[in-house]
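Enquirer: sequence and computational prediction follow.
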Amino acid sequence: MALLVGAVLISVCGYLVVGAARAQAVPAGALRYAAGLGGLALLAHLVVRFGAPYADPLLLPTAVLLNGLGLVLIFRLDLETPADRAAPAQLVWSTVGVALFIAVVAVLRDHRVLQRCAYGCAGLALALMVAPILFPAVNGARIWIRAAGFSLQPGEFAKVLITVFFAAYLAANREALAHPGKVVWRRRLPAKGVPPAHGGTPAHGGTPARTGLRVEEELRAGEELRAWGRVLAPVVAIWLVSVGVLVLERDLGTSLLFFGVFVVLLYVATGRAGWIAVGVLMAVAGAAAVGTLEPHVHGRVQDWLHPFAGIAAGRGPGQLAQSLFAFAAGGTFGTGLGQGHSSLIGFARKSDFILATLGEELGLAGLSALFLLYALPAVCGFRAALGLREAFGSLLAVGLAVLPALQVFVIAGGVMGLIPLTGMAMPFLAQGGSSVVTNWIIVALLVRISDRARGPRPDTPARPARAAPDALGALR
């Protein structure tokens, strides 16, 4: 409870500091903001306290603090654009997110129920990813559904559903993935060098028994090749889906996120580092091909390679250049909340480029603290995965922990010029109802899983004598 009170107080203090810096007065909506955030935090705490008493105590306070800081930064940017205020709507979406958090924790009593819905989750995720193709592009990308003044980004919800499917699939097939070519249709192939069952010397001076060995080796090689095909088929399928999303929707961020989560879970399930190398090579090949052939993605790659080209051509700095200038102006400790010039960045200052505002006004110290905050849910997820003794729960915990962490890396890398811009929303921090609601659902699932991992397990089944190797098992 103390951590939760601290998270609310830090957010309210930030709100007051912004008002004092911009208008030398307490903001008019300060009391309403404090009551709203405090009420949401209290409701969520009560549900966790009575519905998941063994859950990791860091998860909820971290989510409240990140959500609160996001509201503060959006309010600060609203002062630059009084005709386009986003903070009130973001507070409403935060309320919806907390309501869904409460519903998930209260209704989902056992995360293993999701394993039975794996293929349904995959089908729904594909439908959500395909739906935006039918709607007009926004800022060059087809990732939105807009109707009657209402907008929705279905890819945000699809990433949770597809993570559930990945965890269920890999939990069911991890032994075949860990020992490719050795287990085929529940039969273990014979070891090399085993003589054929009906070998021997031909009756009429034919070739020696080595002919039978050669046939046996060829059969074994064919079986191993088919086994590798069955093992690699899902990897290739996920890669093709990722590239398809990139081509049809021009959404580089979602494509990288889906494939990255799958490769990480594949490594965790099998303990084979080679899958990481295969995944990186496939991701680089797909991104390079689409980045060369697709005009919108190619333009983002060129902006990344030449961020100051607009200045040299006399057109002025682009968004990425302005972002880099903002980080440079922030220095070590920043200019102070409300005293930066991030409004120069342009239309995306409240979405992915909101990180530049924080970097300018809180400096390197503030950015470091923010990244440590984002690392806490990942650590909680990994700790829950280590505490569970069943494959699906462990893989789901890792996937849900990696999902926002990888998203933060992709967004921060784009805004800082490390990789091309992706257009994704910073978890909890950026403007976007779909994003904040989805992230509250992720936190709710992690709360439920960590409650199972940290709580008593009187009915835990005995572990099998021999199990497929995995990365988590090596740490237990």
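Expert: Nice, I can see it. Please read these numbers as outputs of a predicted model, since none were measured by experiment. Numbering: from 1, shown residues only.

Enquirer: residue 163 and residue 97, how far apart?
Expert: Separation of residue 163 from residue 97 (C-beta to C-beta, to the nearest Å): 18 Å. For glycine as for every other residue, the C-beta is placed from the backbone atoms N, C-alpha and C.

Enquirer: quick check: pLDDT value at the spatially most central residue of the chain.
Expert: Geometric centre of the chain, nearest residue: residue 403, 2.0 Å, by C-alpha atoms, centre = their mean. Residue 403 carries a pLDDT value of 93.

Enquirer: for it, give me its contacts.
Expert: 159, 160, 163, 257, 261, 442 (C-beta atoms under 8 Å, 6 or more residues apart in numbering).

Enquirer: any weak-confidence spans in the stretch 101-250 of the chain?
Expert: 138-141, 148-149, 176-232, 234-236, 239, 242-243, 245-247, 249-250 (pLDDT under 70).

Enquirer: the helices in it, which residues?
Expert: In the stretch 101-250 of the chain, the helices defined using DSSP state H, counting those that start in this stretch lie at 118-130, 154-178, 210-249.

Enquirer: buried sites along the helix or strand hosting residue 12?
Expert: Following DSSP states H and E, one finds residue 12 within helix 2-23. Under the neighbour-count criterion of 16 or more other C-beta atoms under 10 Å, helix 2-23 has 4, 7-8, 11-12, 14-19, 21-22 buried.

Enquirer: put the alpha carbons of the helix or strand that that helix is followed by into CSV.
Expert: Where DSSP H and E defines the elements, the next helix or strand beyond helix 2-23 is helix 30-51. As requested, the backbone C-alpha atoms of helix 30-51 are provided in CSV (Å, rounded to 0.1, in the frame of the first residue of the first chain):
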residue,chain,number,x,y,z
ALA,A,30,-5.3,19.2,-9.8
LEU,A,31,-7.8,18.0,-7.2
ARG,A,32,-9.9,16.2,-9.8
TYR,A,33,-6.7,14.5,-11.2
ALA,A,34,-5.5,13.5,-7.7
ALA,A,35,-8.9,12.1,-6.8
GLY,A,36,-9.3,10.2,-10.1
LEU,A,37,-5.9,8.6,-10.0
GLY,A,38,-6.1,7.9,-6.3
GLY,A,39,-9.5,6.3,-6.6
LEU,A,40,-8.5,4.1,-9.5
ALA,A,41,-5.4,2.9,-7.6
LEU,A,42,-7.4,2.2,-4.5
LEU,A,43,-10.0,0.1,-6.4
ALA,A,44,-7.3,-1.9,-8.1
HIS,A,45,-5.4,-2.4,-4.8
LEU,A,46,-8.6,-3.8,-3.1
VAL,A,47,-9.2,-6.3,-5.9
VAL,A,48,-5.6,-7.5,-5.8
ARG,A,49,-5.6,-7.6,-2.0
PHE,A,50,-8.6,-9.9,-1.9
GLY,A,51,-8.5,-11.6,-5.3
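
Enquirer: what's the helix or strand just after helix 30-51 packed up against?
Expert: Downstream of helix 30-51, the first helix or strand assigned by DSSP H and E is helix 59-78. Under the contact criterion of 3 or more C-beta pairs under 8 Å, 6 or more residues apart in numbering; DSSP states H and E, helix 59-78 touches helix 2-23, helix 30-51, helix 87-107, helix 354-387, helix 433-454.

Enquirer: would you list the ones you listed in TSV and tack on distance to residue 323?
Expert: Shown next, in TSV, are the helices and strands packed on helix 59-78 (distance: least, C-beta to C-beta, whole Å):
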stretch	distance to residue 323
helix 2-23	20
helix 30-51	27
helix 87-107	21
helix 354-387	4
helix 433-454	19
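
Enquirer: looking at those helices, which is nearest to residue 420?
Expert: Minimum separation from residue 420 across the helices and strands packed on helix 59-78 (C-beta to C-beta) falls at helix 354-387, 15.5 Å.

Enquirer: what is the subsequent helix or strand relative to that closest one?
Expert: Using DSSP H and E, the first helix or strand after helix 354-387 is helix 391-415.

Enquirer: and the angle from that next one to helix 433-454?
Expert: On the basis of axes from the mean of the first three to the mean of the last three C-alpha atoms, to 10 degrees, helix 391-415 is oriented at 140 degrees to helix 433-454.

Enquirer: dump the residue contacts of the nearest residue to residue 453 once chain neighbours are set aside.
Expert: Sequence neighbours aside, residue 387 is the residue nearest to residue 453 in space, at 3.3 Å (criterion: C-beta to C-beta, 6 or more residues apart in numbering). Contacts for residue 387 (C-beta under 8 Å, 6+ apart) come out as 450, 453, 454.

Enquirer: which residues touch the last one?
Expert: Yep, that's residue 454 we're talking about. 54, 55, 56, 384, 387.

Enquirer: can you count the residues close to the closest residue to residue 63 other than its chain neighbours?
Expert: Nearest residue to residue 63, sequence neighbours excluded (C-beta to C-beta, 6+ apart): residue 443, at 4.6 Å. Look at residue 443: counted by other C-beta atoms under 10 Å, it has 29 neighbours.

Enquirer: could you number the chain from 35 rather than 1 from now on?
Expert: Shifting the count to begin at 35 puts that one at residue 477.

Enquirer: go ahead and confirm residue 477 touches residue 94.
Expert: Yes - counting by C-beta atoms under 8 Å, residue 477 touches residue 94, with 7.1 Å between them.

Enquirer: count the neighbours of the nearest residue to residue 166 once chain neighbours are set aside for me.
Expert: Distances taken as C-beta to C-beta, 6+ apart put residue 176 closest to residue 166, at 4.8 Å, once the chain neighbours are dropped. Using other C-beta under 10 Å, residue 176 has 19 other residues around it.

Enquirer: kindly report the same for residue 299.
Expert: When neighbours are counted by other C-beta under 10 Å, residue 299 registers 25.

Enquirer: residue contacts, it?
Expert: For residue 299, the contacting residues are 197, 200, 201, 204, 429, 432, 433, 436, by C-beta under 8 Å, 6+ apart.

Enquirer: which element, helix or strand, includes it?
Expert: Element membership of residue 299 [criterion: DSSP H and E] is helix 286-304.

Enquirer: okay then, goodbye and thanks.
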